[in-house]
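Student: I need the structure of the sequence given here:
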Amino acid sequence: MSLQSKLLLFSSLLGAIIAIGSIIESNENYNELPDHIAATVNGVVIDQQKLNTAISLIASDRREAITEKDERLALDRIIEEELLVQHAFENGFINVDDNIRKTIVRSVVDSIVEQSNTLIPDDNTLKEFYENHQAIFSIDEQVRIIIFNSENIDDANKAKIIWDDQKDEASVFNNIDSISKWDLPNGYIPIMTLPRLIGPNLATIAKELQISEVSAPIRTAPGYSIVALIDKKEKQVFEFEDIKEIVIQEYRRRSRDEILSSLLKDLTLRADIKINSNLD
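Tutor: Next comes the predicted model:
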């Protein structure tokens, strides 16, 4: 092949390479992207902020200045990550790997938590929330009680007489063999939990007693029971200014719940969900 032919062939190859390079370059920059978008991958936006964060992480491990090559490398890594994520979705990895599913769910919840943590309600909103949720920001009335029990009503009445006279638990047990005591917490019990612990009838009686007072015997499942009120703490309501930070945290917590509930409701309405009617 003559030198002229070789030069002609080389020129043709060089022209082809330049043309291909131009095509690739034009493909990479096909659209004029806004300044806040670093790139798109199959329509998925990669924010400039995400790229800046990646570059900052690289810079923190370097003494020398970051080069354009470093910046492009950071962008390439983000693009590759996005491609792998899309590949995982397209190939159903999320449907077969519970760990991936849990990670995604946790990420969604974490984003909602982060969103709610940025909420800074004004004082009027907070005070209204505080007023509407007084039960959360107060300590309910609490009592310390003893419940004596006997299968014999006469012994139950004797226990009442001894308590009225001596206000002493040991004296009741020392004088009446048939007496037993209900297994209750030793400390103070919130008044609202009494019905669950001792039943509604005894709970109602306990609420009406004065300190050191004992009730008349009442028929219960174990036999005949009397309730003695050892001590009582009145309901405490905390002032708004004293617990403002607690009010803010509770406001944010409920906002998180509302955001998540609203999201799930919207997703459910838009989803095509079919449930087997033959399920037990």
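Student: Counting by contacts, list what the helix or strand residue 145 falls within packs against.
Tutor: According to DSSP states H and E, residue 145 maps onto strand 142-150. Secondary-structure packing of strand 142-150 (3 or more Cβ pairs under 8 Å, 6 or more residues apart in numbering; DSSP states H and E): helix 153-166, strand 180-181, strand 189-190, helix 194-198, helix 200-208, strand 223-233. For the C-beta atoms, the positions are set from N, CA and C on the backbone; glycine is no exception.
Student: rerun at 6 Å
Tutor: Here strand 142-150 touches strand 223-233, going by 3 or more Cβ pairs under 6 Å, 6 or more residues apart in numbering; DSSP states H and E.
Student: Just give me how far the strand it packs on sits from the chain centre.
Tutor: The chain centre lies 39 Å from the centre of strand 223-233; the measure is Cα atoms, centre = their mean, to the nearest Å.
Student: Next: stretch 40-50.
Tutor: Chain-centre distance of stretch 40-50: 29 Å, with Cα atoms, centre = their mean.
Student: For it, list every residue counted as buried.
Tutor: 46, 48, 50 (16 or more other Cβ atoms under 10 Å).
Student: List the pairing partners of the strand holding residue 145 within its sheet, with orientation.
Tutor: Partner strands and pairing direction for strand 142-150 (DSSP bridges) are strand 180-181 (antiparallel), strand 189-190 (antiparallel), strand 223-233 (antiparallel).
Student: Contacts only, for residue 223.
Tutor: When contacts are counted by Cβ atoms under 6 Å, 6 or more residues apart in numbering, residue 223 touches 149, 150, 151.
Student: if I look at it, how far off is residue 188?
Tutor: 26 Å (Cβ to Cβ, to the nearest Å).
Student: what about this structure, any weak spots by pLDDT?
Tutor: Along the chain, segments meeting pLDDT under 70 span 1-31, 280.
Student: redo that, cut-off 80
Tutor: 1-32, 61-63, 93-97, 100, 115, 119, 273-280 (pLDDT under 80).
Student: how does it divide into domains?
Tutor: Here the domain assignment for the chain is 1-30, 31-91, 92-131+243-263, 138-237, based on automatic domain parsing.
Student: between the ones you listed, which gets nearest to residue 276?
Tutor: With Cβ to Cβ as the criterion, residue 276 lies closest to domain 92-131+243-263 of those, at 18.5 Å.
Student: From the chain's centroid, how far away is that closest one?
Tutor: 7 Å.
Student: now stretch 85-103
Tutor: Worked out by Cα atoms, centre = their mean, stretch 85-103 lies 24 Å from the chain centre.
Student: mind checking the end-to-end distance for it?
Tutor: 13 Å (Cα to Cα, to the nearest Å).
Student: Please apply the same query to stretch 200-214.
Tutor: The first-to-last residue distance of stretch 200-214 comes to 17 Å (Cα to Cα).
Student: Give the buried residues for it.
Tutor: 202, 203, 205, 206, 209, 214.
Student: before we move on, what about stretch 271-280?
Tutor: Using 16+ other Cβ under 10 Å as the test for burial, stretch 271-280 gives no buried residues.
Student: Use 643 as the first number from now on
Tutor: OK, 643 is where the count begins now, so the last one is stretch 913-922.
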